[in-house]
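> Fold the following for me, if possible:
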Amino acid sequence: MTFINPKTDFAFKKIFGSQQSKDILISFLNALLYNANPTIEDLEILNPYLAPQIRGVKDTYLDVKAKITGDKTVIIEMQVLNVEGFEKRILYNAAKAYSIQLDSGENYTFLNPVIALTITDFEMFPNFDKVISRFALKEQDYLVDYSIYDIELVFVELPKFNKTLAELETITDKWIYFLKSARTLDKVPEVMGVVPEIQKAFDIANQANLNRDELEDLQKREIFIQDQRNAITKAVNQKIIEIAMRLIDAGLDDETISQTTKLSLPEVQKLRIN
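Numbering: from 1, shown residues only. You can find the predicted model right below:
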């Protein structure tokens, strides 16, 4: 079997945002938001996945959005590229989802909590060693909650998750492993298939179950992501080279330049010769 990459926007929404994905999304959200406790008993997917109708349009696939138990709204985003302003966009989307609940003249007491769940394929918080981080409004000195988590930001950083199949213990572990590694598997691991919702997610992710248009769109999205990653890498490398050249012009030795820029000594020496 070949599985589509859950980290692409198309695949993520097809797996977690389809009409038949309700039980999958409940299990997934309980695992990531509530330590696998059955806090969410029911939900409504507010923008269910539809097969692509406009070819090549980046915004064809929206974030998964759901109304869960307790009248909370959860907006879920899978982000593979660390683009400029991304962290501000997350806060903006959460605040927007919170504010649009009211029509003109309605009482503020009708506002319900919003959770923004963001899964990243890059490290957002290098100073944290944990995979899942949670942010809420608190008083700066006393750390007292403001308005009891009316807006909560939850981040899952996939690069920080390093458990192997043999080390998976919780449903949370298994869902994160699914997101990070499903694309590399050729069968459903037994330790994961015993969870019915994860088995169903693998069934949806089976590339054999996609139609021609979906396969074409998936390929375009993966090419786009790779192109963007290459562009980002090129820009970062160019910036590092510029810094190294300035340090060479300033008279610093090769060892210091290497430690500062993380370039190897041969790379620094080559720049000095050129």
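> Every contact and neighbour count from this point should use C-alpha atoms.
Noted.
> Show residues contacting stretch 250-266.
240, 243-244, 247-248, 268-269 (C-alpha atoms under 8 Å, 6 or more residues apart in numbering).
> 10 Å - rerun?
Around stretch 250-266, the neighbours that count as contacts under C-alpha atoms under 10 Å, 6 or more residues apart in numbering are 237, 239-248, 267-272.
> hmm, which of these are the buried ones?
Neighbour-count burial (16 or more other C-alpha atoms under 10 Å) applied to those gives 240-241, 244-245, 247-248, 268-269.
> is it possible to export those to CSV including secondary structure and distance to residue 152?
Shown next, in CSV, are those (DSSP: H, G, I helix; E, B strand; the rest coil; distance: C-alpha to C-alpha, whole Å):
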residue, secondary structure, distance to residue 152
240, helix, 36
241, helix, 39
244, helix, 41
245, helix, 44
247, helix, 43
248, helix, 46
268, helix, 45
269, helix, 49
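> and of these, the nearest to residue 142?
Of all the buried ones among the contacts of stretch 250-266, residue 142 sits closest to residue 240, with 41.1 Å by C-alpha to C-alpha.
> With adjacent residues omitted, what lies nearest to the closest one?
residue 261 (6.2 Å; C-alpha to C-alpha, 6 or more residues apart in numbering).
> how many neighbours does the one you found have?
Residue 261 is flanked by 17 other residues according to other C-alpha atoms under 10 Å.
> Phi, psi for it please.
Main-chain torsions, residue 261, degrees, to the nearest 10: phi -100, psi -10.
> do you know how far it is from residue 255?
Per C-alpha to C-alpha, to the nearest Å, residue 261 is found 10 Å from residue 255.
> related to what we said a few turns ago, could you check how far the residue nearest to residue 240 is from residue 151?
Residue 261 sits 39 Å away from residue 151, going by C-alpha to C-alpha.
> Can you tell me which helices and strands the host helix or strand of residue 239 packs against?
According to DSSP states H and E, residue 239 maps onto helix 212-249. Using 3 or more C-alpha pairs under 10 Å, 6 or more residues apart in numbering; DSSP states H and E as the contact test, the elements touching helix 212-249 are helix 9-16, helix 254-261, helix 265-273.
> then the last one to PDB, C-alphas only?
Taking C-alpha atoms only, helix 265-273 is exported to PDB below (Å, rounded to 0.1, in the frame of the first residue of the first chain):
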ATOM      1  CA  LEU A 265      36.000  25.200   7.700                       C
ATOM      2  CA  PRO A 266      36.400  24.100   4.000                       C
ATOM      3  CA  GLU A 267      33.300  26.100   3.100                       C
ATOM      4  CA  VAL A 268      34.700  29.200   4.800                       C
ATOM      5  CA  GLN A 269      38.100  28.700   3.200                       C
ATOM      6  CA  LYS A 270      36.500  28.400  -0.200                       C
ATOM      7  CA  LEU A 271      34.700  31.700   0.300                       C
ATOM      8  CA  ARG A 272      37.900  33.400   1.400                       C
ATOM      9  CA  ILE A 273      39.700  32.200  -1.800                       C
END
